[in-house]
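Student: quick one: sequence plus predicted model below, questions after.
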Amino acid sequence: MGPAPPPIYSRISILPAMRTSHRLLLRLLHDPSYDFDEVEVAYLDRGAPEDRSTVRGSEIRAIERGHFIVCVRGKETFIPLHRLLEIRYQGRLMWARAERRVVRG
């Protein structure tokens, strides 16, 4: 097993300049320091258990401007990027959707 890939975010830049999910996926795909097969993407999938599905990088066929295409069990599906919930690399959380909660007083 080779050396660990470089961190995507520094501790200082994670809050002020958070990457978008689209940019992060492209970085993980194209940067030779990362193995895209080690990527897991969780997304909102109504009707799935807990309305959530997860795919591995090897199941992602394309990353487009507003969506990505997955192929699971021979079926291609378009997933809009706004449905992304989190991106993990080697089990480590790299990006998570901000929770939008209404606080009622």
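Tutor: Yep, it's here.

Student: ok, what's across the strand from the residue positioned nearest the centre of the chain?
Tutor: The residue lying closest to the centre of the chain (C-alpha atoms, centre = their mean) is Ile87, at 3.0 Å. Taking DSSP bridges as the rule, Ile87 bridges to Val41, Trp95.

Student: where do the helices sit along the chain?
Tutor: 21-30 (DSSP state H).

Student: please verify my assumption that the residue nearest to the centre of the chain contacts Leu26.
Tutor: No: checked against C-beta atoms under 8 Å, the pair Ile87 and Leu26 is beyond contact range at 11.4 Å. (Glycine included, C-beta is placed from N, CA and C.)

Student: Ile69: how many residues sit nearby?
Tutor: Burial of Ile69 is recorded as 14 neighbouring residues (other C-beta atoms under 10 Å).

Student: next one: the one 4 residues further on
Tutor: When neighbours are counted by other C-beta under 10 Å, Arg73 registers 5.

Student: and for Tyr43?
Tutor: 24.

Student: could you report the pLDDT at it?
Tutor: In this model, Tyr43 is scored at 95, pLDDT.

Student: quick one: the strands in the chain?
Tutor: 39-44, 52-56, 60-63, 67-72, 75-80, 84-89, 92-96 (DSSP state E).

Student: buried deepest among those, which one?
Tutor: strand 39-44 (a mean of 20; mean count of other C-beta atoms under 10 Å).

Student: end-to-end on stretch 56-76?
Tutor: Distance across stretch 56-76, first residue to last, is 14 Å (C-alpha to C-alpha, to the nearest Å).

Student: and that stretch, how far from the chain's centre?
Tutor: Here stretch 56-76 is found 12 Å from its chain centre; the criterion is C-alpha atoms, centre = their mean, to the nearest Å.

Student: alright, that wraps it up for me.
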